[in-house]
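**Q** I'll drop the sequence and a predicted model, then ask my questions.
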Amino acid sequence: KRLYEVPKLSVCAMRFTETARASILKAGGECLTFDKLAMRSPLGKGTVLLRGPVKARESERHFGKAPGVPHSKTAPHVRAKGRKFEKARGKRSSRGYKA
């Protein structure tokens, strides 16, 4: 979920985008690096670890049922996205199969 109104937070991250840093500072929060967090709280008390979505990688699009199988949303591994590369799958026999 996306936070449109950011509350006052102390956020620690490896890097911040300019807009993220601006919205955190505008709300009265602060942006920390991991070394500053370690100095402030060596044992990690009062901190919450968050992690981004693991399945957001591009390679996850290619996992699952084989591409071309009914009800499959899996993307095929193709060399290029041009006219000749799996654009007419299922429509002509020269491109995989003809239904």
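**A** Received the coordinates, thanks. Numbering: from 1, shown residues only.
**Q** what number of residues lie near G29?
**A** Other residues near G29 number 16, with proximity taken as other Cβ atoms under 10 Å. The C-beta positions use only the backbone N, C-alpha and C, and glycine is treated the same way.
**Q** my guess is it meets V6, correct?
**A** Yes - the criterion here is Cβ atoms under 8 Å, and G29 meets it with V6 at 7.0 Å.
**Q** Contacts only, for E30.
**A** Applying Cβ atoms under 8 Å, 6 or more residues apart in numbering to E30 gives the contacts 10-11, 24.
**Q** now K87
**A** R95.
**Q** got TSV for the contacts of E30, with neighbour count and pLDDT too?
**A** Formatted as TSV, the contacts of E30 follow (neighbours: other Cβ atoms under 10 Å; pLDDT from 0 to 100):
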residue	neighbour count	pLDDT
S10	15	95
V11	15	95
I24	21	95
